[in-house]
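[1] Need a 3D model of the sequence below.
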Amino acid sequence: MIELSDADLNRMRTDTESNFVERKTVHNTKGWLRTAVAFANSAPIGAPAVLFVGVNNDGTFENVASDYDWEKLQKTITQELNRAYPWIYSVQKIVNGDQGGQCLAVIIWGSPERPHFTGKSYIRKGPETTEASDREFDALIAERSSKAYEIRKWIGEQIVVAQFVQGMLTPQPVTLLDCNQYYFSVEYPGPVRVHFSYPLTRTEVSFHHVLNCLQLEVRDLA
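    From the prediction side, this is the model:
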């Protein structure tokens with residue numbers, strides 16, 4: 001991740017043209033979480049974006065009391081940002097100006113875990129509404145992919161995995177265990193049950209008409 005010095009932060013504070021800088025006064029609490037989520041979702045992965053609190057729209061420091069409790073403000077912002085899901089990594093830093101004045105910089109990097117949301121995702125389990133676990137959340141995201149969506153319909157069922165062995169396509173009946181946006185997992189039958197996962201990027205979806213089930217052709221694993 002790209003780190004920022006105090007000089008970097010002060011330059012960003014006064015740069016009114018940046019897409020990845022937001023300025024708010026200390027009492028303008030509206031939008032902290034939305035801004036953090038937007039930064040994590042939109043900034044290039046590993047690149048920093050900054051929410052300045054205690055700064056006017058023109059980049060100048062807000063006129064706050066010299067004994068203002070910045071530590072309390074940091075705790076309040078942390079509590080608000082912790083509502084994001086998945087959790088967003090951020091760093092808070094008090095910035096001092098060359099000519100006096102202070103503000104709080106909340107640094108958020110473009111996240112590889114995106115998309116992030118401003119709250120938990122919920123699903124139905126029988127008659128109850130519950131928070132989606134990390135695994136269930138990943139499954140919801142996976143279903144945006146038409147390939148993963150189609151494969152997930154067969155979880156718990158027999159399918160066929162076909163691989164090229166010595167130049168020939170060799171089909172093998174297996175049980176589909178799981179599928180997300182990155183890979184699918186299967187269990188091979190036999191006295192010792194073997195679990196194996198294959199990348200979706202090397203998988204083609206088809207149908208085995210003899211066994212009347214899904215067939216997944218996995219290519220170029222070597």
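[2] Would you mind splitting the chain into its domains for me?
    Domain ranges of the chain: 6-109, 146-218, per automatic domain parsing.
[3] Now the longest one: average pLDDT?
    Going back to what we said before, that points to domain 6-109. Here domain 6-109 scores 93 as its mean pLDDT.
[4] longest strand in the protein, by residue count?
    What stands out as the longest strand in the chain, according to DSSP state E, is strand 168-179.
[5] Pairing partners for that one, with directions?
    strand 158-165 (antiparallel), strand 183-188 (antiparallel) (DSSP bridges).
[6] so which of these comes closest to residue 114?
    Closest approach to residue 114 among those is made by strand 183-188 (19.1 Å; CB to CB). Backbone N, C-alpha and C define where each C-beta goes, glycine included.
[7] still on that earlier bit, which one of the domains of the chain lies closest to residue 132?
    Across those (criterion: CB to CB), the nearest stretch is domain 6-109, sitting at 8.7 Å.
[8] Tell me the span between the first and last residue of the closest one.
    17 Å (CA to CA, to the nearest Å).
[9] next one: stretch 55-69
    OK, stretch 55-69 end separation, CA to CA: 15 Å.
[10] ok now it, how far from the chain's centre?
    Stretch 55-69 sits 32 Å away from the centroid of its parent chain (CA atoms, centre = their mean, to the nearest Å).
[11] Show me which positions of that stretch end up buried.
    Going by neighbour count (16 or more other CB atoms under 10 Å), the buried part of stretch 55-69 is 55, 59, 61, 62, 64.
[12] Out of those, flag the one nearest to residue 112.
    residue 55 (28.5 Å).
[13] Tell me the backbone dihedrals of that closest one, please.
    Phi and psi for residue 55, reported as degrees, to the nearest 10, are phi -130, psi 140.
[14] Okay, it and residue 14: tell me how far apart.
    9 Å (CB to CB, to the nearest Å).
[15] likewise residue 76?
    Applying CB to CB, the value for residue 76 to residue 14 is 25 Å.
[16] ditto for residue 210
    69 Å.
[17] The two: which is more packed in?
    Neighbour count, other CB atoms under 10 Å: between residue 210 and residue 14, residue 14 has more, with 15 against 8.
[18] sorry, back to before: among the buried residues of stretch 55-69, which two are most distant?
    Most distant of the buried residues of stretch 55-69, by CB to CB, are 59 and 64, 15.5 Å apart.
[19] What segments of the chain are strands?
    Shown for the chain, the strands assigned by DSSP E span residues 21-24, 48-53, 90-96, 102-109, 122-125, 128-131, 158-165, 168-179, 183-188, 194-199, 203-208, 213-218.
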